[in-house]
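Trainee: this is a predicted model, with the sequence first.
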Amino acid sequence: MNWQFLDTLLTRLRPHREALALALDVLVVAIAWQATYLFRLGFERWFSARPDYDAWVLLGLLVIYAAVLWALRVPKGMWRFSGFGEVKRLAMACAGAGFIAATLVQMSQLYGVPRAVLALHPLFTLMMLAMMRMGYRMLYEHMRSRISGSAQEQRRALVLGAGAAGRLLVAGLQHTQGWIIVGFLDDAPEKLSARVAGVPVLGRLEQADELVSMHGITHLIVAMPGAAMPQRRHALDVAGKVGLPVLTVPSSEELLSGHSVNQVRDIQPEDLLGREPVELDEGGISECLNGKAVLITGAGGSIGSELCRQVARYGPAKIVLYELSEFALYTIEQELTEKFSQIPLVRLIGDVKDLEHLRHVFGKYKPQIVFHAAAYKHVPLMEEENAWAALRNNTLGTYNACLAAAEHGAERFVLISTDKAVNPTNVMGATKRAAELVISHLAGKGYATKFMAVRFGNVLGSSGSVIPKFKEQIAKGGPVTVTHPEVTRYFMTIPEAARLVVQAAAIGTSGQVMVLDMGEPLKIADLAKTMIRMSGKGRREIRIEFSGLRPGEKLYEELLLGSEDTTLPTQIAALRVAVLGGQMEEGGEIAELLALLRSELRGEDSASVKALLARLPLNYRSAPS
């Protein structure tokens, strides 16, 4: 038997499954009526003993059964999953329809219909309906085992993209237990109606919706790792509108790092950004880092750990990991030891607020390149009870690290800053803006060290970011919480941000703030909707709730101050330069601030911290609570 043909026939009939199921059930009711007469009267009297109006009784019976079966949603049941639960529902339908039919026949005084036939017909009908479903399930599972070697329910996939990646994907998944690749979708005219790796190209990308229902598709796989970002984004948009789970193959970068093309994965937020890969000056970065001692503060954090990975690629003489969290330090140290075993690591528990310890570390290990990623960054947490801790860690910690670097002859010092430092409305942003101005202040003091800052927006997947929270909420079935319908943010992936920070270290000059090209800002609500769609869920299944802006949050973020009307281009298109003035020197605010932070004061209240920040030239305006 041609099992593949049968499978294709069944999938083509699947869009009409409910109507066909009801028609077959009604046919079985009619056959059961005849079988009941045969059982009650025997062959000799099977037809002769029936009343003249039996055909009309049967017609009424079919209408009653059809109505009851439809009311109990029996035709919606999936026959290939039929079990005891389905039999119970059939029993309810047969009992209900049989009772209604028998009552109406007796009330109509149609005594020519034997009572035994009225009583036995529901039982015959139940047995035949159940047998039909069990028989279909047995046939279906046998067909599955003959086609794929397993009777398990298959994941039936359409692959968007009939190129080399799609061909490799079919080779890897077609005979994998649990997967059937039904066909390809591709917009290339020469590929339409062709076969790739033995699998047909069924149509264009825009036909995904109609082909999904026609072929009983359960998953869509986007296999276009080498396509331009607009094409890849278009494919994801088309797939997301279908309402099924969407998977993708690894990106070009993931393939280069050792992933296999048939390692399909869920759609990640970075897949939705639609950004072209950043082109770096690999030679310049290598010259800056190769053979150098590199120190990274906050080495176990989201950005700090990725900086460690990126720096390690360029063969530094050693990496000094400076981290306050023991667990975070252990985690990144284990990873680097496994992946870059040839690079010496110095693993230090340390606090950037401890200047003497920093001086000891810099004096002992003589780092030449410093990346300062240690910071408190969670806006709502820093806004009230932890405002003083944020000011000391983010601003005093930056000054301490800068001073230790300058005193011990470090070549370059790079501060990781944030778009929230621009016209800040929250304590976290204001303390990072103050840290930028510390950089500017020390850059004018004649040290050999080149001080610079790199400013960028939200990083996808970093600790405390919105993306992991959305994923968790979707996995739980919602709701997904967004602060405001109009809130927008700039986004960048962690590896992209870290690579540009490393690039900035190679090309920056002292006193500069390097601004990363963050692309177009995204509405957080739109991102939430897209993530829900890509999970195969609908807005009715997972709703979005708006909780209101949290303390210190803006509707939108900026990457430049209003006074920074122009930026200077660099040889790297994704990096531009905004030169900061020496505002901190006016009135000696820097000396006053740093003296206060080094004092013995403990736990200043948030109102005092905000008042202090408001006196500094930070363009800080505390958002109303």
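Mentor: Sure, I can see it. This is a predicted model, so every value here is computed, not measured. Numbering: from 1, shown residues only.

Trainee: first-to-last residue distance for stretch 380-397?
Mentor: In stretch 380-397, first residue to last residue: 20 Å (CA to CA, to the nearest Å).

Trainee: quick one: find the helix or strand in the protein with the lowest mean pLDDT.
Mentor: For the chain, counting by mean pLDDT, DSSP states H and E, helix 252-256 ranks last in confidence among helices and strands (a mean of 55).

Trainee: quick one: the closest residue to residue 289 other than its chain neighbours and residue 308, what's the gap?
Mentor: Of all residues beyond its chain neighbours, the one nearest residue 289 is residue 314 (4.1 Å), with distances taken as CB to CB, 6 or more residues apart in numbering. For glycine as for every other residue, the C-beta is placed from the backbone atoms N, C-alpha and C. Spatial separation of residue 314 from residue 308 under the definition CB to CB, to the nearest Å is 12 Å.

Trainee: what packs against the host helix or strand of residue 469?
Mentor: In this structure, residue 469 is located in helix 466-475 according to DSSP states H and E. In terms of contact count using 3 or more CB pairs under 8 Å, 6 or more residues apart in numbering; DSSP states H and E, helix 466-475 is assigned the packing partners strand 480-482, helix 524-534.

Trainee: related to what we said a few turns ago, tell me which of residue 314 and residue 308 has more neighbours.
Mentor: The neighbour count for residue 314 versus residue 308, taken as other CB atoms under 10 Å, is higher for residue 308 (25 against 18).

Trainee: ok, that one - contacts?
Mentor: The contact partners of residue 308, by CB atoms under 8 Å, 6 or more residues apart in numbering, come to 296, 299, 319, 321, 332, 336.

Trainee: residues near the third one, how many?
Mentor: Close neighbours of residue 319, defined as other CB under 10 Å, add up to 28.

Trainee: could you point out which element follows the helix or strand encompassing it?
Mentor: Applying DSSP H and E as the criterion places residue 319 in strand 318-323. Read in the C-terminal direction, the helix or strand following strand 318-323 is helix 326-339, with elements assigned using DSSP H and E.

Trainee: which is the next helix or strand following the top helix by length along the chain?
Mentor: With DSSP state H applied, the helix covering the greatest number of residues in the chain is identified as helix 115-148. Counting by DSSP H and E, the next helix or strand C-terminal to helix 115-148 is strand 155-160.

Trainee: mind listing residues that contact that following strand?
Mentor: Where contact means CB under 8 Å, 6+ apart, the residues beyond strand 155-160 that reach it are 11, 166, 169-170, 173, 178-186, 199, 202, 205, 208, 211-212, 215-224, 235, 238-239, 247.

Trainee: how about 7 Å then?
Mentor: With CB atoms under 7 Å, 6 or more residues apart in numbering as the contact definition, strand 155-160 has outside contacts at 166, 169, 178-185, 205, 208, 211-212, 215-224, 235, 239.

Trainee: helix or strand next in line after that strand, which one?
Mentor: Beyond strand 155-160 on the C-terminal side, the first helix or strand identified by DSSP H and E is helix 164-173.

Trainee: who does that following helix touch, helix- and strand-wise?
Mentor: Counting contacts by 3 or more CB pairs under 7 Å, 6 or more residues apart in numbering; DSSP states H and E, the secondary-structure elements packed against helix 164-173 are strand 179-185.
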